[in-house]
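J.: my questions are about this predicted structure, shown below with the sequence.
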Amino acid sequence: MKAFQIVEWGGPAEFVDVPVPSPGPGEVLIRMAGAGLCRSDLDIIDSAAGSAPYAAVLPAGFTLGHENAGRVEYCGEGVTDLQPGGSVAVHNMHHCGTCEFCVHGHEQTCTTFTRGAIGMTRGVGIDGGLAEFMIVPRRELVSLGNIDPLAIAPLTDAGVTSYRAVKTGLDRLYPGSTALVIGVGGLGAYAIQFLKLLSPATVFAVDRAESRLDDARRFGADHAIRSDDRSAEAIMDLTGGRGADLIIDLVGNNATLALAAAVSRPHGRIVLVGLEGGTLEVGWGKIATTCEFAISLGSTVSDLQEVCRLAADGRLIIDYETFALDDVEVALSRLREGKLNGRAVVSFP
């Protein structure tokens, strides 16, 4: 079968012919339906040999694609609860199930598959979904019932990562509270929706692009604010000087972290998800007293189950464009140029 792989670090990703894999005990062979593309795919492709965080710790020679959903083709020994043809979503965090973090329900920080600052998973060091078939351990699959797996693919990373970030701060949100989403891209679209579905908070969204602010309103944001040097002032004015109780920063540069600090509230929470490499000086007088700062990584299988349930109930807007596997380079180019309507999803016949 044809697979789109990182053949060597520092070179372009390319198509190669590989054999269809066979599932071992406890594993499932998935016939792919949809594989979402992500900014981190571009970061992986652009990595120079030996560079952090990917090329420094992962050997080349793996298939890309970490947002995956499909149908069961064949079950390995010991897998008795899935049937061929059944639709499944693939959790994007590979985990062993036995280390300290896995045992306590934090499989997104599984120590067995941690490599430097990242965790190995399908599409990141292990063969992913940009091929017709893929092997997945049963414990990392969520059964979808009658849901179309193609539409679910973007939820397996963009959706569930923002869901986890929102869930960590729900205890800060009550009637009269305020939540802020910084960055209305692939993750921000879902963060806004989850905040509206799961909390009574007034939701603010900040972005540089006017089109994304229009999207923010469509996803349910109560206020959509242009990102500039007056963003903090506008938020403070609209909240009567209160600021935000929960702030989800999906960008993560110096400017967005400074905005988060400027509008933080006592007993609030700033959650960093974005990977743009910014820093924030934390200390007395730097952020609101008793405000917490946290970095949110990935998600759990139970998070994915909950997100899929919201999708099954028709409560999520899932915007995506489909591309054939042969056109994956076109899709990645559109992603790089910011010319996509929603997420890019490689669709398999």
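T.: Yep, it's here.

J.: Glu233 looks like it's in a helix, true?
T.: Yes. The assignment for Glu233 is a helix, going by DSSP: H, G, I helix; E, B strand; the rest coil.

J.: and the pLDDT at it?
T.: Glu233 carries a pLDDT value of 97.

J.: can you offset everything so residue one is 11?
T.: Understood, numbering begins at 11; the last thing we discussed is Glu243.

J.: contacts only, for it.
T.: Counting by Cβ atoms under 8 Å, 6 or more residues apart in numbering, Glu243 makes contact with nothing. Heads up, the C-betas are built off the backbone N, CA and C, glycines and all.

J.: how close does it get to Val273?
T.: According to Cβ to Cβ, to the nearest Å, Glu243 and Val273 sit 9 Å apart.

J.: okay, helices next: where are they in the chain?
T.: 49-55, 110-113, 159-162, 168-177, 196-208, 220-228, 241-248, 264-272, 311-322, 338-347 (DSSP state H).

J.: determine which stretch of those is the most buried.
T.: Most buried of the helices of the chain by mean neighbour count (mean count of other Cβ atoms under 10 Å) is helix 168-177; its value is a mean of 26.

J.: elements contacting that helix?
T.: helix 196-208, strand 254-259, helix 311-322 (3 or more Cβ pairs under 8 Å, 6 or more residues apart in numbering; DSSP states H and E).

J.: so what strands line up beside the worst-scoring helix or strand of the chain on mean pLDDT?
T.: The weakest-scoring helix or strand in the chain, judged by mean pLDDT, DSSP states H and E, is strand 128-129 (a mean of 85). Strand 128-129 has the following strand partners under DSSP bridges: strand 124-125 (antiparallel).

J.: on that earlier part again, among the helices and strands packed on helix 168-177, which is nearest Asn102?
T.: In terms of Cβ to Cβ, the element of the helices and strands packed on helix 168-177 nearest to Asn102 is helix 311-322, at 8.2 Å.

J.: neighbouring contacts of that closest one?
T.: With Cβ under 8 Å, 6+ apart as the test, helix 311-322 has contacts from 99, 101, 115, 117, 149-150, 152, 154-155, 157, 161-162, 165-166, 169-170, 173-174, 177, 207, 326, 328.

J.: and the angle for it with helix 168-177?
T.: Helix 311-322 runs at 110 degrees relative to helix 168-177, counting by axes from the mean of the first three to the mean of the last three Cα atoms, to 10 degrees.

J.: off-centre distance for helix 311-322?
T.: Distance, stretch centre to chain centre, for helix 311-322: 13 Å (Cα atoms, centre = their mean, to the nearest Å).

J.: could I have it exported to CSV, CA atoms only?
T.: Presented in CSV, the C-alpha positions along helix 311-322 are these (Å, rounded to 0.1, in the frame of the first residue of the first chain):
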residue,chain,number,x,y,z
VAL,A,311,-9.4,8.1,26.0
SER,A,312,-12.3,9.1,28.2
ASP,A,313,-12.0,12.7,26.8
LEU,A,314,-12.3,11.3,23.3
GLN,A,315,-15.3,9.2,24.3
GLU,A,316,-17.1,12.3,25.6
VAL,A,317,-16.3,14.4,22.6
CYS,A,318,-17.6,11.7,20.2
ARG,A,319,-20.8,11.5,22.2
LEU,A,320,-21.3,15.3,21.8
ALA,A,321,-20.7,14.8,18.0
ALA,A,322,-23.2,11.9,17.9
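
J.: average model confidence for it?
T.: Here the average pLDDT along helix 311-322 is 96.

J.: likewise stretch 56-71?
T.: For stretch 56-71, the per-residue pLDDT averages 94.

J.: for Arg240, grab phi and psi.
T.: phi -110, psi 10 (degrees, to the nearest 10).

J.: how many residues are close by it?
T.: Arg240: 11 surrounding residues under other Cβ atoms under 10 Å.

J.: quick one, domains of this structure?
T.: 12-167+309-357, 171-305 (automatic domain parsing).

J.: quick revisit: contacting residues around the least confident helix or strand of the chain?
T.: Looking at what lies outside strand 128-129 - Cβ under 8 Å, 6+ apart - the contacts are 63-64, 67-68, 103-104, 118-120, 123, 134, 307-308.

J.: swap the cut-off to 7 Å and go again
T.: For strand 128-129, contacts defined as Cβ atoms under 7 Å, 6 or more residues apart in numbering pick out Pro63, Tyr64, Met103, His104, Cys120, Phe123, Val134.

J.: farthest-separated two in those residues?
T.: Maximum distance among those (Cβ to Cβ): 17.6 Å, for Tyr64 and Cys120.

J.: circling back: nearest to Glu291, out of the helices and strands packed on helix 168-177?
T.: strand 254-259 (14.9 Å).

J.: can you list the strands that the closest one pairs with?
T.: According to DSSP bridges, strand 254-259 has the following sheet partners: strand 188-192 (parallel), strand 274-282 (parallel).

J.: tell me the angle the shortest one makes with helix 241-248.
T.: What it means is strand 188-192. Using the same axes, to 10 degrees: strand 188-192 against helix 241-248 is 160 degrees.

J.: got CSV for the helices of the chain, with distance to Glu142 too?
T.: Below are the helices of the chain laid out as CSV (distance: least, Cβ to Cβ, whole Å):
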stretch, distance to Glu142
helix 49-55, 18
helix 110-113, 30
helix 159-162, 14
helix 168-177, 23
helix 196-208, 25
helix 220-228, 33
helix 241-248, 45
helix 264-272, 39
helix 311-322, 23
helix 338-347, 13
